[in-house]
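**Student:** The following comprises the amino acid sequence and a computationally predicted model.
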Amino acid sequence: MRAIVVNRNGGPEVLEPAEREDPVPGPGEVLIDLAASGVNYIDVYFRTGAYKQATPFVPGQEGAGTVAAVGEGVTGVAPGDRVAWQGVLGSYAQRAVVPADQTVPVPDDLSLEDAAASLLQGMTAHYLTHSTYAVRPGDTVLVHAAAGGMGLLLTQIAKLRGARVIGTVSTPEKERLAREAGADEIVGYDGFASEVRRLTGGEGVAVVYDGVGAATFDGSLESLRPRGTLALYGAASGKVPPFDPQRLNPAGSLFLTRPTLAHYTLTREELLERASAVYGWIAKGELRLHVGQRYDLADARRAHEDLEGRRTTGKLLLLP
């Protein structure tokens, strides 16, 4: 099968196309013929070595396709089933082996491409808005990178929960996309905290959803109302330097969390609940997906270059 292999950590150039033996499902596992693989910033962290993984490895944490075979002891999943998954390495390939209990069924009225495009980021947006900080009607929230894959979903889901959304973007085209997703106010990155204060009458926002990291961290804290929450779910601009928690006290007894999806899908019931909610919103037209670019599997390097170069909007997919 065709796959992308990382033999050493580094830049996008280490994403090397290769031919590999088809994987074989072991006990409790399923073999999936991929229809699409999601490209996510966590893939960059694994590629660079920010997240540790022994090399060589096939990157990619998200995919959707058709079950080709099942291993010993698998029940509830059968060959021919359409499934998606996230959180298991190996999706940058034509075939992947995944634990059966990590897969979720794909509804008949949802394409496999849309299933791959929405699972990881959709469930992340779900837990951020429902669990990390449960958005309430009347809340004002700040969404960084509001035209990115995560930002567009966060904006839409926050609006579904009755929030006023302020989004940050870097270009007029990204502003258009964010406003189409429902953002009420758009600001640039320069001096965004002052703009947020102005737009909230000096109060600040209930929560900041920040996947940018180092470049926005200080301004995100400055944007919060007393007892507000900074949900730092990513670090696209780099890791936040060491931080004195005493800063949270005079700033308003703020809350800071660095969450990850794995801790919000600890049980199969929770995994299925979040996936079902996301796919249900899509089916009802309440959540619109924006696939910004599709790449051939062999062009994974270019996908990462575009992602890190901030040349993308919405979701990126690799097609095998």
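**Tutor:** Alright, I've got the coordinates. Numbers count the residues shown, from 1 in each chain.

**Student:** Which elements pack onto the strand ranked longest in the chain?
**Tutor:** Criterion DSSP state E: the longest strand present in the chain is strand 29-39. Packing contacts for strand 29-39, counted by 3 or more Cβ pairs under 8 Å, 6 or more residues apart in numbering; DSSP states H and E, involve strand 62-70, strand 82-86, strand 95-99, helix 112-127, helix 300-308, strand 315-319. In this view, the C-beta of every residue, glycine as well, is placed from N, C-alpha and C.

**Student:** strands paired with the last one, and their directions?
**Tutor:** When sheet partners are counted by DSSP bridges, strand 315-319 sits next to strand 29-39 (antiparallel), strand 291-296 (parallel).

**Student:** Ok, the third one next?
**Tutor:** Pairing partners of strand 95-99, with direction, according to DSSP bridges: strand 29-39 (antiparallel).

**Student:** The second one too?
**Tutor:** Strand 82-86 pairs in its sheet with strand 62-70 (antiparallel), strand 103-105 (antiparallel), by DSSP bridges.

**Student:** Would you mind extracting the C-alpha trace of the longest one into CSV?
**Tutor:** Spelled out, it's strand 62-70. Written as CSV, here are the backbone C-alpha positions of strand 62-70 (Å, rounded to 0.1, in the frame of the first residue of the first chain):
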residue,chain,number,x,y,z
GLU,A,62,-7.9,10.9,11.8
GLY,A,63,-9.5,9.0,8.9
ALA,A,64,-12.7,7.5,7.5
GLY,A,65,-13.3,4.5,5.3
THR,A,66,-14.7,1.0,4.9
VAL,A,67,-13.8,-1.9,7.1
ALA,A,68,-12.0,-4.5,5.1
ALA,A,69,-11.3,-7.1,7.8
VAL,A,70,-11.7,-7.6,11.5
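
**Student:** Run the chain-centre distance for that strand.
**Tutor:** Averaging C-alpha positions (Cα atoms, centre = their mean, to the nearest Å) puts strand 62-70 20 Å from its chain's average.

**Student:** Distance-wise, check residue 165 relative to residue 75.
**Tutor:** 42 Å (Cβ to Cβ, to the nearest Å).

**Student:** So which of those two has more stuff around it?
**Tutor:** It is residue 165, of residue 165 and residue 75, that has more neighbours when counted by other Cβ atoms under 10 Å, with 28 against 8.

**Student:** Counting by contacts, list what the strand or helix carrying the more buried one packs against.
**Tutor:** For residue 165, the host element (DSSP states H and E) is strand 164-168. In this structure, strand 164-168 packs against strand 140-143, helix 149-160, strand 185-187, helix 192-199, with contacts taken as 3+ Cβ pairs under 8 Å, 6+ apart.

**Student:** Could you check the angle that strand makes with helix 192-199?
**Tutor:** Inter-element angle recorded for strand 164-168 and helix 192-199: 150 degrees (by axes from the mean of the first three to the mean of the last three Cα atoms, to 10 degrees).

**Student:** Mind checking which residue lies nearest the centre of this structure?
**Tutor:** Centroid-nearest residue in the chain: residue 121, 3.1 Å away (criterion: Cα atoms, centre = their mean).

**Student:** That one against residue 316, yeah?
**Tutor:** No. Residue 121 lies out of contact with residue 316 (Cβ atoms under 8 Å); the separation is 10.6 Å.

**Student:** which neighbours do those two share?
**Tutor:** 38, 149 (Cβ atoms under 8 Å, 6 or more residues apart in numbering).

**Student:** Can you get me a residue count around residue 57?
**Tutor:** 16.

**Student:** pLDDT at it, what is it?
**Tutor:** On pLDDT, residue 57 comes in at 98.

**Student:** how near is it to residue 187?
**Tutor:** As for residue 57, its distance to residue 187 is 39 Å (criterion: Cβ to Cβ).

**Student:** what does residue 275 give?
**Tutor:** Relative to residue 187, and taking Cβ to Cβ, residue 275 is found at 33 Å.

**Student:** One more: residue 261?
**Tutor:** Going from residue 261 to residue 187 by Cβ to Cβ gives 27 Å.

**Student:** from memory residue 68 sits against residue 31, does it?
**Tutor:** Yes. Residue 68 is in contact with residue 31 according to Cβ under 8 Å; the separation is 4.7 Å.

**Student:** who touches both of those two?
**Tutor:** Contacts common to residue 68 and residue 31, judged by Cβ under 8 Å, 6+ apart, are residue 95.
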